[in-house]
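Q: any chance you could fold what I've pasted below:
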Amino acid sequence: MRSYDPENTMKKSIFVIAAVCLLTLLLALLLALTAAAETVGEGECGDGVTWTLDEKGVLTVGGSGAMTDYFADGELTSPFAALRGRITAVEIREGITAVGDNAFSGCGGVKSVSFPEGLTRVGEGAFYSCAAVKEIALPDGLTFIGRQAFRGCTALEAISLPDSVERIGEKAFADTAWYNALPDGIVYLDHALLAYKGEMSRKTEATVEEGTLLIADSAFWACGRMKSLSLPDGLKYIGEAAFWKCDGVSEIKLPKGLLTIGDEAFYCCHFPEKTELPRSLTAIGKSAFSGCTGLQRVFVAADVKEIGPQAFPEKTVIVGYEGTFAQSYAEQMGLQFKVRVDEYAPETTTAPEGERVKLQRRKETGTVVACAAAGVIGMMAVIGLVALRIQPKDDAPQEEPMDGIPMEQPPAENGPAEEGAAEGESAEGEPVKSESVEGESAEGGPSEDDSPEHAPTEDGSPEEDRPAGDEGHAKAGEDDGSAKKNKTKEKKKRSRYRNEWPVIK
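A: Below you'll find the predicted structure:
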């Protein structure tokens, strides 16, 4: 039986541990050497953006932010342009927001491209002539695809376009297997109208499909043979030069819901003399309506915050709301501006310099008319009540004289009574009722026979006026007749004013 040797056992343990550590170190060194051998090239391609190309031909773009835009004036300038022949796949990782112009142009060996969520822009010519790519799936949130971005991808058969895309550059998907397989006519890609393919025949009537959200740049460029154009409501984006010199269309009507109009979109087109741009519009590009000589007056709503230089013909009158961007633009461009006042007039707006301009909100036209009508009706009602108040009534109570003092009546409104009125009738033809009592005149005062100056004598005639003999009696009869006529006249006057408001002095 062998005895236990503690010292020998410890030595063996130390040897095993040392061997394991050595093997681990060698393995780590081997992995590091292998990784170094797989990296063909690396560097920066933007602020905070890096690239790495491994031996398998996978070019990885990582970091955060946008890639740098590169130029292709006969020679590619991207940092990995010299290695493009070895690139077989492109992997753009999350955090990258934009693929630079001409970034992968001419990489003919690339067979696949992966795009991250959060990417918003694919630059001009970014994948130009990547002839081996067969399919691409563009991510949600992408808004811009540059001019000729995928042109020349002759193997490209399947394209997935998200609804978030707002602008597609000219010939972005031209000369691809997908595009070349389509018949002549209007070309659509999901919700986007890309172009009119082939030669347009004379008097073509173009109708854009319902559900189309955008029209790509130069989609109908110089289609002078087009006779009519119908744009659907809900169309949001019209690209640059989309209808450049489509002067065969007699009149173009812009749809509701339109948001942006690109540079030179309607250059030399025909619009009505007075054109109302959609209230939904937010941006109008440079020279968008330049050359539209028939356009004399155009309404620009308050939501427009961007208008490019020479957007309208020189003598166009711009109509808009006070304090809006449209007014500032008109002043800067030397165009006449007319203020519109309606229910859409904003309370506050922002001038181009950021200055807040407070405006007093105008009342709606209907409200003003209603208030005016209500005021007129109210005045008429008041006048009517006053007229009823002063209108004579036959049964109105007669004002009694005070202390035997006769009342002075107001002068007649219609002038003196007609001389042709019969005795015993008023000027209106009503019978006159004598209000006087014995011992009073028709005015309510003492009668002439009872006055001291005409005190009766024993035979009933006044002492001073009574004539003698038969001549006196005849003269007295004539006097009695004159007195009766005078009393009748007094009764006529009283009958006319009996129901008037009395004036008492």
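
Q: for the chain, give me the ranges with low pLDDT.
A: 1-12, 30-37, 72-74, 348-372, 386-505 (pLDDT under 70).

Q: let's see that with 50 instead.
A: Applying pLDDT under 50 to the chain flags the ranges 1, 37, 349-365, 393-405, 407-477, 494-505.

Q: residues contacting the longest strand seen in it, please?
A: Across the chain, the longest stretch assigned as strand under DSSP state E is strand 39-46. By C-beta atoms under 8 Å, 6 or more residues apart in numbering, the residues outside strand 39-46 that reach it are 50-55, 61, 63, 65-68, 78-80, 83, 86, 100, 103. Bear in mind the C-beta positions are built from the backbone N, C-alpha and C, glycine included.

Q: what does stretch 301-308 give?
A: 263, 277-288, 300, 320-321, 324-326, 329, 344-346, 349-350.

Q: thinking again about what came up before, for the longest strand of the chain, which positions count as buried?
A: By neighbour count on 16 or more other C-beta atoms under 10 Å, the buried set for strand 39-46 is Val40, Cys45, Gly46.

Q: hey, C-alpha coordinates of it in PDB?
A: Extracted in PDB, the C-alpha atoms of strand 39-46 (Å, rounded to 0.1, in the frame of the first residue of the first chain):
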ATOM      1  CA  THR A  39      -9.700  43.000 -41.000                       C
ATOM      2  CA  VAL A  40      -8.800  44.200 -44.400                       C
ATOM      3  CA  GLY A  41      -9.400  47.900 -43.800                       C
ATOM      4  CA  GLU A  42     -11.000  50.400 -41.400                       C
ATOM      5  CA  GLY A  43     -11.400  54.100 -40.800                       C
ATOM      6  CA  GLU A  44     -13.800  56.900 -40.400                       C
ATOM      7  CA  CYS A  45     -16.600  57.900 -42.800                       C
ATOM      8  CA  GLY A  46     -18.400  60.600 -40.800                       C
END
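
Q: immediately after that strand, which helix or strand?
A: Sequence order places strand 49-54 as the next helix or strand after strand 39-46, per DSSP states H and E.

Q: ok, back up a step: are any of the contacts of stretch 301-308 buried, and which?
A: For the contacts of stretch 301-308, buried by 16+ other C-beta under 10 Å: 263, 277-278, 280-285, 287-288, 300, 320-321, 324-326, 329, 345-346, 349-350.

Q: among the residues you listed, name the ones in helices.
A: Phe325, Ala326, Tyr329 (DSSP state H).

Q: wait, Tyr344 touches Ser280, no?
A: No: taking contacts as C-beta atoms under 8 Å, Tyr344 lies outside contact range of Ser280: 12.0 Å.

Q: contacting residues for the closest residue to Leu258 other than its chain neighbours?
A: Using C-beta to C-beta, 6 or more residues apart in numbering and skipping residues adjacent in sequence, the residue nearest Leu258 is Pro278, 4.7 Å away. Taking C-beta under 8 Å, 6+ apart, we find Pro278 in contact with Leu254, Pro255, Lys256, Gly257, Leu258, Ala301.

Q: kindly provide the distance from Pro278 to Thr324.
A: Distance from Pro278 to Thr324, counting by C-beta to C-beta, to the nearest Å: 15 Å.

Q: now Pro309: how far from Val122?
A: Taken as C-beta to C-beta, the span from Pro309 to Val122 is 27 Å.

Q: and for Tyr188?
A: 19 Å.

Q: what about the two, which has more around it?
A: Val122 (29 against 15; other C-beta atoms under 10 Å).

Q: got a list of what that one touches?
A: Residues near Val122 by C-beta under 8 Å, 6+ apart: Ala98, Val99, Leu138, Leu142, Phe144, Ile145, Gly146, Ala149.

Q: same thing but at 6 Å, please
A: Val99, Ile145, Ala149 (C-beta atoms under 6 Å, 6 or more residues apart in numbering).

Q: same check, this time on Leu59
A: Leu53, Ile87, Val90.

Q: could you rerun that using 7 Å?
A: Trp51, Leu53, Phe80, Ile87, Val90 (C-beta atoms under 7 Å, 6 or more residues apart in numbering).

Q: bridged to the first one, which residues?
A: The residues paired with Trp51 through beta bridges, assigned by DSSP bridges, are Gly43, Val61.

Q: give me the number of residues near it?
A: Using other C-beta under 10 Å, Trp51 has 23 neighbouring residues.

Q: that one against Val58, yeah?
A: No: using C-beta atoms under 7 Å, Trp51 is not in contact with Val58, being 10.9 Å away.

Q: which residues of the chain fall in helices?
A: 6-38, 177-180, 325-333, 365-390, 469-497.

Q: remind me what the shortest one packs against, helices and strands.
A: Helices and strands touching helix 177-180, as assessed by 3 or more C-beta pairs under 7 Å, 6 or more residues apart in numbering; DSSP states H and E, are absent.

Q: contacts for that helix?
A: The contact list for helix 177-180 (C-beta under 7 Å, 6+ apart) reads Thr154, Ala155, Leu156, Glu157, Ala158, Ile159, Phe173.

Q: what subset of the residues you listed is buried?
A: The neighbour count (16+ other C-beta under 10 Å) marks Thr154, Leu156, Ile159, Phe173 as buried among those.

Q: those residues in strands, which ones?
A: Going by DSSP E, the strands hold Ile159 from the buried ones among the contacts of helix 177-180.

Q: what's the distance between Gly141 and Ala216?
A: Gly141 is 19 Å from Ala216, by C-beta to C-beta.

Q: who has more neighbours, those two?
A: Each of Gly141 and Ala216 has its neighbours counted (other C-beta under 10 Å); Ala216 has more, 28 against 14.

Q: list phi and psi for the more buried one.
A: Main-chain torsions, Ala216, degrees, to the nearest 10: phi -70, psi 160.

Q: that one and Ser328: what is the separation?
A: With C-beta to C-beta as the criterion, Ala216 and Ser328 are 31 Å apart.

Q: what do you get for Gly43?
A: 46 Å.

Q: the nearest residue to Cys268 once chain neighbours are set aside and Tyr267: what is the separation?
A: Leaving out its chain neighbours, the residue that sits closest to Cys268 by C-beta to C-beta, 6+ apart is Gly291, at 3.7 Å. Distance, Gly291 to Tyr267, by C-beta to C-beta: 5 Å.

Q: these two: which has the busier surroundings?
A: More crowded of Gly291 and Tyr267, by other C-beta under 10 Å: Tyr267, with 22 against 16.

Q: domain-wise, how is the chain divided?
A: Following the assignment in automatic domain parsing, the chain carries domains at 40-179, 182-316.

Q: including distance to Arg340, could the ones you listed go into JSON lines?
A: What follows is those, written out as JSON lines (distance: least, C-beta to C-beta, whole Å):
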{"stretch": "domain 40-179", "distance to Arg340": "29"}
{"stretch": "domain 182-316", "distance to Arg340": "7"}
